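Colleague: Provided below for reference: sequence and predicted model.
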Amino acid sequence: MKKLSGNFRRILLWGTLVSLIFNTSILLLFFYLIESLQITALAISGLFLVIFLFVLQPIRDQLLSQITERIIFSSRLEISKLEEKASLIANLNDGISFLCLLAEQWRLPRIRMALYAPRQQLVFITGNGSRVRTVEFRRNENQEFFSYLKNFPKPQNTYAFPAGIRNYLYNRKIRCVIPIGFRDNLFGFIGLPNVLDEHSMETVEIAAQRIGIAIENEKLKSNQPRSALLGREFYLARRVETFLSRTDFNECHGYRIQKIESSWKKKYFAVILEIARPALDTTESNPFFMILIRLASSSIRSNALQLFAVQGYFLALAAGTPSVELLAEQLHLSLSTLENGKITLDGFIVAIERDDLRLVHFGSHLALKTEGEWIWLEDNPAMGSPDYSLHALSLGRPANIHFSIREYPLVALQMTGVTA
């Protein structure tokens, strides 16, 4: 988190520095002209005011905008790289190494990982990731905190906990808690010394999930029947994701839909791509609907089963919906009521019309490529979450457009008869 706040400090520092140099230069030029030219100060002031407002001010604003955009892009790219490394955690030692890397890059003075299974121990990572110390529990964990974490196993900052637990965590210099678990089993938690934002919290959550899977795998070595059962379940989950990722798409109002196979194979999260057309009437004016989504709260392949439920909602609702905005609202309502908010989504719903492309986007780390340039979309609450709100765009009829989730370009729409 310090890394992220450091980026905002860089934006503030660069903005102040550029403004100071810019304005100082203008002021010196102003005095120089007064001294050099035989023109009254009033005339010079009027001329400078016009030039500053209509020429120099826009140039300065554009310069600051470019600096801010580069810093934000760098921050997003670093988070994406960390998430990719977190997805490669295969055992507990990998998890500790990742937390050391996290402490180094975010400049965290201390990370505490408490493990309740397979044996009770505390792992302290200090010195910005340079030192690791493991000790056994000297006393049992606070029972109120343990019960709360088991009943509400979700990442949250310390200020969101009840007062008694909050004080307990503050005394241990813990400002954010990321549970480590697998299904209904709580194995421990990762405690960080800083308050995290949503994106940073999700990066650590991916690592916690992978550590939980690694601990579960260690337990399964002594329980072969259950291991075989879980192996069969993960095999079926991979088959479900493959089935959902269909490729037999026909032409849709002059566009050909293509999966970008190279990125599709490299991605570390489950995604579905589906096409539907409303059955309101038989006219050619009806739009095709395309959905490209991932789960916002998790990235492991076993959750492809939840995406299967979303696919069913989408196909059922699209059959009686005339617009992409209404389809998005109805899909959000289905997730929030029928699924009790347990399924939240990042991604796109696109209406392919005869004279326009209408887009609804939700969640974070989304981008479009059109006219050869990538456009980052503003982060919004995930669909299915309590804070969700509709964000729709009209894209016109571009010759080519790519859709990216978490820096992976996954789908391309190409106008038929146009080469890429």
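Modeller: Cool, got the structure.

Colleague: what sits against residue 405?
Modeller: Counting by C-beta atoms under 8 Å, 6 or more residues apart in numbering, residue 405 makes contact with 267, 271, 292, 294, 346, 347, 365, 366. The C-beta positions use only the backbone N, C-alpha and C, and glycine is treated the same way.

Colleague: how close does the fourth one get to residue 273?
Modeller: So that's residue 294. Relative to residue 273, residue 294 is positioned 11 Å away (C-beta to C-beta, to the nearest Å).

Colleague: now residue 362: closest residue in space that isn't a chain neighbour?
Modeller: residue 383 (4.3 Å; C-beta to C-beta, 6 or more residues apart in numbering).

Colleague: export only the CA atoms of stretch 93-110, formatted as CSV.
Modeller: Below are the C-alpha coordinates for stretch 93-110, written out as CSV (Å, rounded to 0.1, in the frame of the first residue of the first chain):
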residue,chain,number,x,y,z
ASN,A,93,7.5,-21.5,1.1
ASP,A,94,6.4,-19.9,-2.1
GLY,A,95,3.8,-18.0,-0.1
ILE,A,96,6.4,-16.7,2.3
SER,A,97,8.7,-15.7,-0.6
PHE,A,98,5.9,-13.7,-2.2
LEU,A,99,5.1,-11.9,1.1
CYS,A,100,8.8,-11.0,1.3
LEU,A,101,8.6,-9.6,-2.2
LEU,A,102,5.4,-7.7,-1.3
ALA,A,103,7.1,-6.2,1.8
GLU,A,104,10.0,-5.1,-0.3
GLN,A,105,8.0,-3.5,-3.2
TRP,A,106,5.4,-1.8,-0.9
ARG,A,107,8.1,-1.0,1.7
LEU,A,108,6.2,-2.6,4.5
PRO,A,109,8.2,-2.7,7.8
ARG,A,110,6.4,-5.9,9.0
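
Colleague: just the contacts of residue 405: which are in strands?
Modeller: Among these, the ones falling in strands (DSSP state E) are 271, 292, 294, 346, 347, 366.

Colleague: residues in contact with the fifth one?
Modeller: By C-beta under 8 Å, 6+ apart, the contact list for residue 347 reads 271, 291, 292, 293, 294, 361, 362, 363, 366, 383, 405.

Colleague: generate a ChimeraX selection restricted to the buried entries among these.
Modeller: Buried residues among the contacts of residue 347 (16 or more other C-beta atoms under 10 Å), as a ChimeraX selection:
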select :271,291,292,293,294,361,362,363,366,383,405
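
Colleague: adding distance to residue 196 and pLDDT, write the contacts of residue 347 out as a markdown table.
Modeller: Below are those laid out as a markdown table (distance: C-beta to C-beta, whole Å; pLDDT from 0 to 100):
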| residue | distance to residue 196 | pLDDT |
| --- | --- | --- |
| 271 | 25 | 83 |
| 291 | 30 | 91 |
| 292 | 27 | 91 |
| 293 | 24 | 90 |
| 294 | 21 | 88 |
| 361 | 24 | 95 |
| 362 | 21 | 94 |
| 363 | 18 | 91 |
| 366 | 21 | 93 |
| 383 | 22 | 93 |
| 405 | 22 | 92 |
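
Colleague: where in the stretch 151-300 of the chain is pLDDT low?
Modeller: 221-250, 278-284, 297-300 (pLDDT under 70).

Colleague: strands of that one, start to end?
Modeller: Along the stretch 151-300 of the chain, counting by DSSP state E, counting those that start in this stretch, strands occupy 156-157, 176-182, 185-192, 255-259, 271-276, 288-295.

Colleague: quick check: angle from the fourth one to strand 271-276?
Modeller: Interaxial angle, strand 255-259 versus strand 271-276 (axes from the mean of the first three to the mean of the last three C-alpha atoms, to 10 degrees): 160 degrees.

Colleague: strand 255-259 to strand 288-295, inter-axis angle?
Modeller: Between strand 255-259 and strand 288-295, the angle formed by their directions is 20 degrees, by the same axes, to 10 degrees.

Colleague: buried residues, strand 255-259. List them.
Modeller: 255, 257, 259.

Colleague: can you list those in a markdown table and add distance to residue 323?
Modeller: A markdown table is the format used below for those (distance: C-beta to C-beta, whole Å):
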| residue | distance to residue 323 |
| --- | --- |
| 255 | 18 |
| 257 | 20 |
| 259 | 26 |
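
Colleague: now, which of those residues sits nearest residue 121?
Modeller: residue 259 (44.6 Å; C-beta to C-beta).

Colleague: related to what we said a few turns ago, contacts only, for the residue nearest to residue 362.
Modeller: 293, 296, 328, 331, 332, 335, 344, 345, 346, 347, 362, 363.

Colleague: where's the fifth one, which helix or strand?
Modeller: Take DSSP states H and E as the rule and residue 332 turns out to sit in helix 324-338.
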